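**Q** Fold the stuff below for me.
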Amino acid sequence: MKSNSNPNLKIQDHKLWLNQELVFEASEELSTNDFLKSAYKNIGMQYLKFFKMDEMCKLGILGAAYLGVEDRQQKFQSHEVGLVFANASASEFTDQKYLETIANSDNYFPSPSLFVYTLPNIVLGEIAIKFLIKGENLFLVMPQFDAEALRNQAKILIDKGRQKAILIGWIEVNKSSYEAYFEWIE
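**A** Below you'll find the model as predicted:
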């Protein structure tokens, strides 16, 4: 597994780079959510559930879509493709949003649609559902982005014959910024 030959995608600062080539850019004046909607419209995806997701799941769906996971996985059975993802803050950004819905007893309105995204591994489920991935999945919380650690986890699954392909990803979202990285490994 050579990391430099694996197809990869980076999303940051309202830009998407596929294999280090800029493939989409939006105005930095847009909010994160508006940027994500713009990137969704740009790729021509038809997946209305996208608009109900939190930012981390939207980044995951967009990352898999722009990386071409739907086409890449065609040569495998759905159970032969897995997911290995990580970030540093779990689902803290969405957790904080949910906390705001229950913090004030005078304005108490817990949101079930927000609550469902208060686990970081939900992004794996959303990607698996959208792209029909039925293999192993793992979400790690690590202090910082470490592509090699994610590649090593993927390599273990592939070397043990548990998977034939793995989408690895790093998705970090907070109030003021986001970054995502995806790589397809066979």
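**Q** Kindly provide the distance from the residue positioned nearest the centre of the chain to F85.
**A** Centroid-nearest residue in the chain: G60, 2.1 Å away (criterion: C-alpha atoms, centre = their mean). Separation of G60 from F85 (C-beta to C-beta, to the nearest Å): 7 Å. Where you see a C-beta, it was placed from the backbone N, CA and C, and this is true even at glycine.
**Q** Also F131?
**A** Separation of F131 from F85 (C-beta to C-beta) stands at 14 Å.
**Q** Give me the distance from stretch 99-118 to the chain's centre.
**A** How far stretch 99-118 lies from its chain's middle: 24 Å, per C-alpha atoms, centre = their mean, to the nearest Å.
**Q** and it, what's its mean pLDDT?
**A** In this model, stretch 99-118 has an average pLDDT of 84.
**Q** for stretch 48-67, same thing?
**A** In this model, stretch 48-67 has a mean pLDDT of 96.
**Q** what sits up against stretch 111-121?
**A** By C-beta atoms under 8 Å, 6 or more residues apart in numbering, the residues outside stretch 111-121 that reach it are 52-54, 56-57, 85, 87, 90-91, 94-95, 97-98, 101, 122, 137, 139, 141.
**Q** Sitting in strands, which of those residues do you find?
**A** Judged by DSSP state E, these include 85, 87, 137, 139, 141 as members of strands.
**Q** Enumerate every residue touching the fourth one.
**A** Taking C-beta under 8 Å, 6+ apart as the definition of contact, the neighbours of F139 are 85-86, 120-121, 123-124.
**Q** May I see the ChimeraX selection of the buried members of those residues?
**A** Those of those that count as buried under 16 or more other C-beta atoms under 10 Å are selected in ChimeraX with:
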select :85,86,120,123,124
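**Q** could you redo the ones in strands among the contacts of stretch 111-121 as CSV and give each row distance to Q163 and pLDDT?
**A** Shown next, in CSV, are those (distance: C-beta to C-beta, whole Å; pLDDT from 0 to 100):
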residue, distance to Q163, pLDDT
F85, 14, 98
N87, 21, 96
N137, 10, 96
F139, 15, 96
V141, 21, 96
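**Q** got those as TSV, with distance to N33 columns?
**A** As requested, the ones in strands among the contacts of stretch 111-121 are arranged in TSV below (distance: C-beta to C-beta, whole Å):
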residue	distance to N33
F85	21
N87	18
N137	25
F139	22
V141	23
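**Q** So which of these is the closest to Y40?
**A** Within those, the smallest distance to Y40 is 19.5 Å, found for F85 (C-beta to C-beta).
**Q** Next one: the residue of the chain positioned farthest from its centre relative to I127, how far apart?
**A** No residue in the chain sits farther from the centre than D106, which is 35.3 Å out by C-alpha atoms, centre = their mean. With distances taken as C-beta to C-beta, D106 is found 38 Å from I127.
**Q** likewise I156?
**A** Shown here: I156 relative to I127, a distance of 20 Å by C-beta to C-beta.
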